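In: take this sequence and fold it.
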Amino acid sequence: MVVGSTQLEVLNEYERQQIGERQPLPERYLGVSDEELEVRISAARAALGDRLVILGHHYQRDEVFKFADYSGDSFKLAKVAAERSDTEFIIFCGVHFMAESADVLSAPYQRVILPDLAAGCSMADMAAADELEVCWRELEELGVTDVVPVTYMNSAADIKAFCGREGGVVCTSSNAVATLRWGWERGEKILFLPDQHLGRNTAYSMGVPLDKMVVWDPQQPMGGLRPDEVAAAKLILWKGHCSVHTKFSVAQIEQLRLAEPEVRVIVHPECTWEVVQAADASGSTETIIQRIRESAVGSVWAVGTEIHLVNRLAKEMAPGRTVLTLDGLGCLCSTMFRVSPNHLCWVLESLIEGEVHNQVVVPDDQKHWTRVALDRMLSIQ
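Out: As a prediction, the model looks like this:
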């Protein structure tokens, strides 16, 4: 994923508004060898002991991921953040929206640190709170009032807070089915944001036909939809997507099946509907890992998700199973990649010196309703 200057400007402005200026990595941490970084990170981690816990998302680079006390997808790590009240610091090796959720779910005396605050998410940037307010008002003007807002974990705290305040909830790819079921038990329609593909794929797997889904474009008046289209919809999908997972294509699956007739294709539900339908299976990162680990010896898998997880699975499964990346080269989440061992070393050594850098703090006026939405997510089975 290539991050454009406009996206970075938006992210940097968001950082200034929410948590102040991002402190740049000191020059003394540049050019340090991988070997020295590993020694220093291990030493700092040992010196800090039980004062901290390190969380690592599956998409992190190996040089950072190996230091995680807990690894997982955003749902699993959110649960860990809520449960580990015994630590002073939570080092979140992931992206900004994940660290925000950890700050909301953690105890008041705990501090959440994101090693590099520039580690954002292009999908989360596709849903802005003011656009959501306009959407909500326009739905009311269309006479749509029995609607439950559901936001994917990949969204900013102010979006989560809106959903909490309006009777909605947060979901992840791990509990999306249960969350949509929860939403339809409470309202006729669901407004799902910001990833249209996860919403569409999940609802379709539950038996909702495509003609009962519409896409709301926040850049268009009334979302670019006619009143009758909104009235007939069971699911209103926000026009957003993952810049990594939408790179996978049906053509890639077809080409791979020709080269590897025995291959089984499994993809993340952030991929397009066409790709999910062409694959043999889809699921969250935790589901992908479990399916491959439990597969028969000798099986061949092609995986449509971020390259660091795919490469890690390929090493773990060898030699009994073969794991390939669906696109041949591998799709990299460049913002997740920004959390480097250099940044991790810096924030850990700074803690030893009594300095806290790159703390993520959700404003108090957002925390309550964000917590409500996240607690609802954690309660859904």
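
In: check which helix or strand the residue located most distally from the centre of the chain maps to.
Out: Farthest-out residue of the chain from its mean C-alpha position, per Cα atoms, centre = their mean: residue 228, at 33.0 Å. Using DSSP states H and E, residue 228 sits in helix 227-232.

In: just the buried positions in that helix, please.
Out: 229, 230 (16 or more other Cβ atoms under 10 Å). Bear in mind the C-beta positions are built from the backbone N, C-alpha and C, glycine included.

In: what's the answer for stretch 180-190, then?
Out: By neighbour count on 16+ other Cβ under 10 Å, the buried set for stretch 180-190 is 180, 182, 183, 184, 187, 189, 190.

In: hmm, who's touching that stretch?
Out: Contact with stretch 180-190 is made by 144, 146-150, 167-169, 171, 192, 199, 202-203, 206, 233-236, 376, 380, as judged by Cβ atoms under 8 Å, 6 or more residues apart in numbering.

In: 7 Å instead?
Out: Identification of contacts with stretch 180-190 by Cβ atoms under 7 Å, 6 or more residues apart in numbering yields 144, 146-148, 150, 167, 169, 202-203, 206, 233-236, 380.

In: strands along this protein, start to end?
Out: For the chain, the strands defined by DSSP state E cover 52-57, 70-72, 89-93, 111-113, 147-152, 169-171, 189-193, 213-216, 235-238, 264-267, 281-282, 300-304, 322-325.

In: chain center to the second one: distance?
Out: Going by Cα atoms, centre = their mean, to the nearest Å, the spacing between the C-alpha centre of strand 70-72 and its chain's C-alpha centre is 13 Å.

In: ok, now the last one?
Out: Computed by Cα atoms, centre = their mean, the chain-centroid distance of strand 322-325 equals 23 Å.

In: what do you get for the fourth one?
Out: Taking the mean of its C-alpha atoms, strand 111-113 sits 18 Å from the chain's own mean (Cα atoms, centre = their mean).

In: now what about that strand, what contacts it?
Out: Strand 111-113 is touched from outside by 89-92, 99, 102-103, 106, 347, 356, 358-360, with contacts defined as Cβ under 7 Å, 6+ apart.

In: for PyMOL, write a command that selects the buried ones of the residues you listed.
Out: Command for PyMOL, covering only those of those found buried under the criterion 16+ other Cβ under 10 Å:
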select buried, resi 89+90+91+92+99+102+103+106+347+358+359+360
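
In: circling back: restricted to helices, list the buried residues of stretch 180-190.
Out: 180, 182, 183, 184 (DSSP state H).

In: out of those, flag the one nearest to residue 288.
Out: Closest approach between those and residue 288, by Cβ to Cβ: residue 180, at 20.2 Å.

In: ok, what's across the strand from the closest residue to residue 65 other than its chain neighbours?
Out: Of all residues not flanking residue 65 in the chain, residue 56 sits nearest, at 4.8 Å (Cβ to Cβ, 6 or more residues apart in numbering). Per DSSP bridges, the residues bridged to residue 56 are residue 71, residue 93.

In: when you give positions from now on, start the count at 18
Out: Sure, I'll start counting at 18 from here, so that last one is residue 73.

In: isn't residue 73 up against residue 85?
Out: Yes. If you go by Cβ atoms under 7 Å, residue 73 and residue 85 touch, sitting 2.8 Å apart.

In: most centrally placed residue in this structure?
Out: residue 171 (4.3 Å).

In: gap between the two ends of stretch 72-85?
Out: 5 Å (Cα to Cα, to the nearest Å).

In: centre of the chain to it, how far?
Out: Counting by Cα atoms, centre = their mean, stretch 72-85 comes out at 14 Å from the chain centroid.

In: sorry, back to before: now the ones in helices among the buried residues of stretch 197-207 in TSV, with pLDDT and distance to residue 100?
Out: Shown next, in TSV, are those (pLDDT from 0 to 100; distance: Cβ to Cβ, whole Å):
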residue	pLDDT	distance to residue 100
197	98	25
199	97	22
200	98	25
201	98	29
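
In: going by distance to residue 146, which of these wins?
Out: residue 200 (20.1 Å).

In: could you measure from the closest one over to residue 223?
Out: Distance, residue 200 to residue 223, by Cβ to Cβ, to the nearest Å: 11 Å.

In: over to residue 273?
Out: 28 Å.

In: what about these two, which has more around it?
Out: A direct count of neighbours by other Cβ atoms under 10 Å for residue 273 and residue 223 places residue 273 higher, at 19 against 13.

In: residue contacts, that one?
Out: 280, 319, 343.

In: and those, which is closest to residue 65?
Out: Nearest to residue 65 among the contacts of residue 273, with distances taken as Cβ to Cβ, is residue 343, at 39.2 Å.

In: what average pLDDT does stretch 40-52 get?
Out: Averaged across stretch 40-52, pLDDT comes to 92.

In: first to last residue in that stretch, what's the distance?
Out: Distance across stretch 40-52, first residue to last, is 25 Å (Cα to Cα).

In: buried residues, it. List them.
Out: Neighbour count says stretch 40-52 has 42, 46 buried, by 16+ other Cβ under 10 Å.

In: list of residues touching the helix holding residue 245?
Out: 159, 161, 231, 253.

In: about what we covered before: and the gap between the residue farthest from the centre of the chain and residue 207?
Out: 19 Å.

In: and if you look at residue 50?
Out: For residue 50, the distance to residue 207 - Cβ to Cβ - is 51 Å.

In: before we move on, back to that, show me which pair in the contacts of strand 128-130 is furthest apart.
Out: Longest span within those, Cβ to Cβ: 123 and 364, 16.4 Å.

In: and residue 77, what does it touch?
Out: Counted by Cβ under 7 Å, 6+ apart, residue 77 has contacts 110, 325, 353, 356.
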